[in-house]
Each structure stands twice: as structure tokens, then as C-alpha cells.
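Undergrad: This is the structure alone, sequence omitted:
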């Protein structure tokens, strides 16, 4: 059973932007680390009666990042929880989506303004929603990874 030391919440700057982005990146790093290195077969397998699996969670979060921040359209949200791709591919795709999303956010100094090229939502709302969504699924990923191989910690 692999036990990793928990990483404490981030020390951020004092501005609202620094706090929101610091906590979002903390959660993003945590959920990607939870999936990275998971055994392929178990990462694809449904670990609970709902059919949720570790790779599906990270695949879904990739679509959330790309939709919410990058403005891409998702036609079938339930399908985002399923993938046949490898652990390495899903993790790399998630990290690339995060990189692109952060580049967009770097150009958004006004949290009250809408995301670039859109009428809404505000940058603040998008960041808050992404923190909620990523945090919820990071908790699911914690449980699923522990069920797979006993790994705990962030």
C-alpha cells in the first residue's frame, strides 16, 4: 500500500485571483497525480455500482476545462466519463488542457469580466465552478485510487 504524504493547502498571494488560481492549481495537480501511474486495467474498471472509474473522472475534467474556460462545445456530457485511452494519454491530455486554460486565465485580470470572447460567465464564476467541480471529482479519485491499490494522500 503506497502512502504519500498529504500536501497542505497552497500558500498563495493575498489577491482574490491568486487565491482562486492557487487553490484550483492545487486541486488540478492533486487529481492528476492521483491518476498518474495507476494500473491500466484497474484505472479503466468501474469500481463502484455507478460505473465510475478513475480514468473517466480525469477525462471528464479535461472536457470541463476545455468547455468552461476554452469555450469548446460538449454535445454529450455523460460520454466524457468514458475513455479507452491509456493512463498516460489521459493524464497528458488533462495537463495540456490545464496549460491552455492557464494561458487564457493569464490574460484575464478582471475577475468580474466575462471570459474572453463570450458574454458570460464571469472569470470569477468560472474559477469558482471549476474549483467546485475539480474538488468534488478529486475526492472521488482519492477513493477510487485507494480501492485500486491502497494509495492514499495527495
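TA: It's in. Treat the numbers as computed from the prediction; the structure is a model and nothing was measured.

Undergrad: and the longest helix for this protein?
TA: Secondary structure of the chain per DSSP state H: the longest helix is helix 123-149.

Undergrad: can you list the weak-confidence ranges in this structure?
TA: For the chain, the stretches flagged by pLDDT under 70 are 1-6, 154.

Undergrad: if we go to 90?
TA: In the predicted model, the chain carries pLDDT under 90 at residues 1-14, 47, 120, 151-154.

Undergrad: wait, doesn't residue 80 sit right on residue 57?
TA: No. Using CB atoms under 8 Å, residue 80 makes no contact with residue 57, being 9.8 Å away. Quick note: C-beta positions are derived from backbone N, CA and C, even for glycine.

Undergrad: ok so, going back, which strands and helices sit next to the longest helix of the chain?
TA: Applying 3 or more CB pairs under 8 Å, 6 or more residues apart in numbering; DSSP states H and E, we find helix 123-149 packed against helix 16-35, helix 40-44, helix 54-68.

Undergrad: Please identify the most buried of those helices.
TA: With neighbours defined by mean count of other CB atoms under 10 Å, none of the helices and strands packed on helix 123-149 is more surrounded on average than helix 54-68, at a mean of 22.

Undergrad: got the angle for that helix vs helix 123-149?
TA: Angle between the axes of helix 54-68 and helix 123-149 is 170 degrees (criterion: axes from the mean of the first three to the mean of the last three CA atoms, to 10 degrees).

Undergrad: Tabulate the helices and strands packed on helix 123-149 (CSV), appending distance to residue 75.
TA: Putting the helices and strands packed on helix 123-149 into CSV (distance: least, CB to CB, whole Å) gives the following:
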stretch, distance to residue 75
helix 16-35, 24
helix 40-44, 23
helix 54-68, 10
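
Undergrad: closest to residue 113 out of those helices?
TA: Nearest to residue 113, of all the helices and strands packed on helix 123-149, is helix 16-35, at 11.9 Å by CB to CB.

Undergrad: what's the closest one packed up against?
TA: Judged by 3+ CB pairs under 8 Å, 6+ apart, helix 16-35 is in contact with helix 54-68, helix 87-106, helix 123-149.

Undergrad: Out of these, flag the one nearest residue 46.
TA: Comparing the helices and strands packed on helix 16-35 against residue 46 with CB to CB, the closest turns out to be helix 54-68 (8.6 Å).
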